[in-house]
Each structure stands twice: as structure tokens, then as C-alpha cells.
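Visitor: Fold the following, please.
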Amino acid sequence: MRQLIDKLGLKKTTLAVMTISIIFSLAVTLMIWLLFSLLGINLNLFITLLMGIIVPLFAAPFILIPIIYLIMQINQLEMEMRLLATYDELTGCLNRRAFFEQSESLINLGDRNSIDSCLMMIDIDKFKLINDRYGHSSGDKVIASLGSIFIDVMRKSDIVGRIGGEEFALFLHQTSIEGASRFAERLHESISLSVIKDNGHSINYTISIGLTQLRSGTSLEDALKQADKALYCAKNNGRNQTIFYNQSM
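Guide: Numbering: from 1, shown residues only. Prediction:
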């Protein structure tokens with residue numbers, strides 16, 4: 001409960017407003033009582049007015065303000081929690097679970113409408129060396145940079161997710177193998193022009209891509225395995241390249 005209060009900022013905002021509201025309401029009530037006393041008005045009338053008009057009139061706004069603020073803060077917290085449950089905080093890409101869920105939906109759509117799509121598995125080359133040489137902060141900047149490039153290059157109909165560490169998956173909806181190949185070339189080109197500046201260092205990096213095509217009836221599990229095999233070949237064949245899956249792998 002205390003963590004929730006801290007998260008909502010109640011100690012510095014809502015609780016302060018509520019305290020001030022109570023003090024103000026009591027002060028106003030006391031002033032009216034003194035005025036009634038000085039004027040010699042019957043205290044029974046004061047009590048009637050106090051319970052029926054004065055308290056609701058003066059207290060309601062000051063009670064409603066912190067309640068409304070609290071509701072707004074709770075709604076904001078719920079929105080943040082939904083975002084955290086869907087997106088990777090570092091890159092802005094979908095997280096693993098959300099990517100798989102949305103990919104399944106696109107595959108089902110493709111099966112119903114006989115739409116072919118493509119799936120990429122993408123890995124940053126020699127990422128451990130980047131972490132060891134420049135530090136984990138620089139490694140995070142490389143990952144964040146790659147996430148930004150994905151979002152800039154891909155279409156609105158495509159989805160990208162951070163699967164884990166330096167590994168990403170990209171679902172190209174309604175895309176032929178030729179279209180996916182052109183997309184991969186644009187990715188490699190964009191990354192070749194990207195330089196990460198951190199602590200006086202200029203960091204260049206490359207990626208390897210495993211690519212497979214999803215035809216009607218292909219499951220997400222099978223497509224991931226195929227793209228992962230192609231990615232493994234890209235890594236073993238020298239990195240910084242795109243390899244298409246074939247059944248001989």
C-alpha cells in the first residue's frame with residue numbers, strides 16, 4: 001500500500017490537499033459559528049445550517065479535488081502498467097509476449113485471406129564485445145538505437161519485438177520474399193550509417209538477419225525455428241548479412 005501511495009505521489013500532493021481542505025473547512029465553520037454568536041443567532045439554526053448547507057457547500061469542493069486527482073493518478077498508473085506489459089522500455093518495441101500474440105493474430109489473418117508474410121530474426125553482431133569494451137550503458141544505447149531504426153524503417157502494418165537481450169524479431173505482414181529482401185537491405189544500410197556516441201567513443205555495429213517466408217498454414221513456432229536457423233547460418237558465415245531459410249538447413 002505504501003508503495004502504491006508513493007507511486008501515485010500522494011504524500012506530496014493529494015494528502016497535502018486533503019489536509020489543507022480539512023483545516024480550511026474547519027476554519028470557515030469556526031468563523032461562521034463566531035459570526036452567529038456575535039449576531040445572537042440561535043445555535044440550533046447554526047447546527048441545522050452546518051449540517052445541511054455549510055459543510056456540503058464548503059467541504060465538497062475540497063473533498064472532490066483530491067478524489068478526482070487520485071482517480072486521474074490511478075488511471076495514469078494503469079496506463080503505464082499496460083504499456084509496460086506490452087512494450088520494451090529500452091527500445092519502444094513490443095516485448096516478447098506481445099510480439100508473439102500480435103504475430104499469431106497476423107498469421108491467423110493471413111491464413112483466412114491467403115496472405116503470405118515474412119519473419120526475421122535479428123541479432124546484433126559481437127554484442128558481448130561491445131559490452132566488454134565500452135560498458136553496459138553503451139550496449140544499451142546500441143540496443144535502443146537499433147530499436148529506433150526498426151520503428152523508422154518498417155511500415156505501420158509490420159511489427160517488431162525485442163525477444164531477449166540483443167535479439168529482435170520482425171514480422172513483415174503481406175510481404176513477399178523479394179520485398180523482405182529489400183527491407184533487409186535498407187536495414188543494413190541504415191545501421192551502417194548509424195554511429196553511437198558515448199563517453200567519447202564512436203561505436204559502429206552490424207546485425208545478422210535470418211529470414212523465412214510464412215505461407216498459409218505455417219505456424220509461428222515453425223517460422224521462428226526456421227528464421228533462427230537462418231540467423232545461425234548468417235552468424236557462422238561472417239555476420240553482417242541476411243540469410244534466407246531453406247529446407248537443407
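
Visitor: which residues does the residue nearest the centre of the chain contact?
Guide: What sits nearest the mean C-alpha location of the chain, by Cα atoms, centre = their mean, is Tyr87, with 3.3 Å. Residues near Tyr87 by Cβ atoms under 8 Å, 6 or more residues apart in numbering: Cys93, Leu94, Asn95, Ala98. The C-beta positions use only the backbone N, C-alpha and C, and glycine is treated the same way.

Visitor: Which parts of stretch 82-95 count as buried, going by neighbours?
Guide: For stretch 82-95, burial by neighbour count (16 or more other Cβ atoms under 10 Å) applies to Tyr87, Asp88, Thr91, Cys93, Leu94, Asn95.

Visitor: OK, contacts around the nearest residue to the last one once chain neighbours are set aside?
Guide: Going back to what we said before, that points to Asn95. Among residues not flanking Asn95 along the chain, Asp88 sits closest, at 4.9 Å (Cβ to Cβ, 6 or more residues apart in numbering). Taking Cβ under 8 Å, 6+ apart as the criterion, Asp88 is in contact with Leu94, Asn95, Gly147, Gly161, Arg162.

Visitor: SS state for Arg155?
Guide: On the three-state scheme (DSSP: H, G, I helix; E, B strand; the rest coil), Arg155 is labelled coil.

Visitor: So what's the residue count around it?
Guide: Neighbourhood size, Arg155 [other Cβ atoms under 10 Å]: 12.

Visitor: same deal with Lys126?
Guide: Residues lying near Lys126 (other Cβ under 10 Å) number 16.

Visitor: what residues are up against the nearest residue to it once chain neighbours are set aside?
Guide: The shortest distance from Lys126 to any non-neighbouring residue, by Cβ to Cβ, 6+ apart, is to Arg239 (7.4 Å). By Cβ under 8 Å, 6+ apart, the contact set of Arg239 is Asp125, Lys126, Thr206, Ser208.

Visitor: could the residues you listed be laid out in CSV, adding secondary structure, pLDDT and distance to Asn246?
Guide: What follows is these, written out as CSV (DSSP: H, G, I helix; E, B strand; the rest coil; pLDDT from 0 to 100; distance: Cβ to Cβ, whole Å):
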residue, secondary structure, pLDDT, distance to Asn246
Asp125, coil, 97, 22
Lys126, coil, 95, 26
Thr206, coil, 97, 23
Ser208, strand, 98, 17
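
Visitor: Out of these, which end up buried?
Guide: Buried residues within the contacts of Arg239, counting neighbours by 16+ other Cβ under 10 Å: Asp125, Lys126, Ser208.

Visitor: can I get the residues you listed in JSON lines with distance to Met72?
Guide: Below are these laid out as JSON lines (distance: Cβ to Cβ, whole Å):
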{"residue": "Asp125", "distance to Met72": "46"}
{"residue": "Lys126", "distance to Met72": "47"}
{"residue": "Ser208", "distance to Met72": "46"}
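
Visitor: Closest one to Thr175 out of these, please.
Guide: Within the buried ones among the contacts of Arg239, the smallest distance to Thr175 is 19.5 Å, found for Ser208 (Cβ to Cβ).

Visitor: Ser248 in helix, strand or coil?
Guide: Applying three-state DSSP: Ser248 is coil.

Visitor: before we move on, what about Gln73?
Guide: In three-state terms, and counting by three-state DSSP, Gln73 is helix.

Visitor: quick one: Ala223 and Thr212 touch, right?
Guide: Yes. Ala223 lies in contact with Thr212 (Cβ atoms under 8 Å); the separation is 5.6 Å.

Visitor: Which residues are in contact with Cys233?
Guide: Counting by Cβ under 8 Å, 6+ apart, Cys233 touches Gly210, Ile243, Met249.

Visitor: who wins for most neighbours among the residues you listed?
Guide: Neighbour-wise, the contacts of Cys233 (other Cβ under 10 Å) top out at Gly210, 26 neighbours.

Visitor: If I look at the residue nearest to Asn95, what pLDDT would I see?
Guide: Asp88 is assigned a predicted lDDT (pLDDT) of 93.
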